[in-house]
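> model this:
(chains A and B)
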2 protein chains.
Amino acid sequence: MNIEVRTATIEDLPDIVRMLADDFLGKQRERLENPLPESYLKAFRELHADSNNELIVAELDGSIVGTLQLTVTPSLSYQGSKRSSVESVRVDDKFRGQGIGGQMMLWAIERAKEKGCVSMHLTSHGDRKDAHRFYENLGFAASHVGMKLVLK
Amino acid sequence: MNIEVRTATIEDLPDIVRMLADDFLGKQRERLENPLPESYLKAFRELHADSNNELIVAELDGSIVGTLQLTVTPSLSYQGSKRSSVESVRVDDKFRGQGIGGQMMLWAIERAKEKGCVSMHLTSHGDRKDAHRFYENLGFAASHVGMKLVLK
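Sure thing, here's the model as predicted:
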């Protein structure tokens, strides 16, 4: 299987939104329309212009089959070390269980190291039990409680 | 009690590092020396130059008694909405239990709303039970598992 992991371009945006929407939490949140709502394009441009944020896709035989967002955060902690985080990690439903998510994550981990990060963090909804095992298999420790406040 | 919450300046840096170090996890991580190791100054400058990151302090009668870092992350999720997160939240040991942390957090929440964020996220080490109650009292839900990978 020939997977290429790379930085996303704006042409990948419909496929990325499709994967964000194809999820038990995401389907209530997203609007997968053609053309896409302008808010997605605006967010893509902002992400693309920010050197501390990178949107990543996995491509298999010309199809986009996975995505994640990598964020680098400058920080004073650990003697002024950068941390990284990943979010919006998705693999196309039809391509699960083939190691695509793992390859994307390993790519992101290498990228975070290149950018000088000393750690990678993520939060995963308490209901996503499969996801927790997936990250533990990559070496992540479930050491923290992830808390969320919705802002009105 | 007259608390002012504001963006940190480089003059606040020794006090911020003092609070990061004065903590059961932080004391092994930080180097509170005079002068401060250059790595902290470098990280401060990087933070200060990044419009998506803001270092915040609480000042009481001319003394720095609290700090946190607010990060805004552009995102495609939720139809291209920004999220925010806080980390390195500390209140000076001598000034705990006086509502300083709450005032800082409310300030950060308002700032995140001003910047257009739809949510605020944080992770707190599983051992910080008091912190979890503090955030729950502010409305945060412990809905997620926070996972961490140390990058060598």
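> let's verify residue A:34: helix, strand, or coil?
Under DSSP: H, G, I helix; E, B strand; the rest coil, residue A:34 falls in the coil class.
> isn't it up against residue A:17?
No. Counting by C-beta atoms under 8 Å, residue A:34 does not reach residue A:17; the two are 10.3 Å apart. (Glycine included, C-beta is placed from N, CA and C.)
> neighbour-wise, which of these two wins?
Taking residue A:34 and residue A:17 together and counting by other C-beta atoms under 10 Å in any protein chain shown, residue A:17 has the greater number of neighbours (24 against 5).
> what sits against the more buried one?
Going by C-beta atoms under 8 Å, 6 or more residues apart in numbering or on different chains, residue A:17 touches A:30, A:32, A:36, A:40, B:76.
> mind listing what's buried in the helix or strand encompassing it?
Per DSSP states H and E, residue A:17 falls inside helix A:13-21. By 16 or more other C-beta atoms under 10 Å in any protein chain shown, the buried positions in helix A:13-21 come out as A:13, A:15, A:16, A:17, A:18, A:19, A:20, A:21.
> buried stuff in the next helix or strand after it?
Under the assignment DSSP H and E, the closest C-terminal helix or strand after helix A:13-21 is helix A:38-49. Residues of helix A:38-49 classed as buried under the neighbour-count rule (16+ other C-beta under 10 Å) are A:40, A:43, A:44, A:46, A:47, A:48.
> from the contact counts, what lies against the next helix or strand after helix A:38-49?
Downstream of helix A:38-49, the first helix or strand assigned by DSSP H and E is strand A:53-60. Secondary-structure packing of strand A:53-60 (3 or more C-beta pairs under 8 Å, 6 or more residues apart in numbering or on different chains; DSSP states H and E): strand A:3-7, helix A:13-21, helix A:38-49, strand A:63-73, helix A:100-114.
> now strand A:53-60: average pLDDT?
Strand A:53-60 comes out with an average pLDDT of 98.
> same question, stretch A:33-50
On average, stretch A:33-50 scores 96.
> need the contact list for the most centrally placed residue in chain A.
For chain A, the residue whose C-alpha lies nearest the mean C-alpha position (C-alpha atoms, centre = their mean) is residue A:68; its distance is 2.0 Å. Neighbouring residues of residue A:68 by C-beta under 8 Å, 6+ apart: A:55, A:56, A:86, A:87, A:88, A:89, A:90, A:104, A:105, A:108.
> swap in residue A:131?
For residue A:131, the contact set (C-beta under 8 Å, 6+ apart) comprises A:89, A:124, A:125.
> which residues does residue A:5 bridge with?
Following DSSP bridges, residue A:5 is listed with bridge partners residue A:58.
> nothing else from me, thank you.
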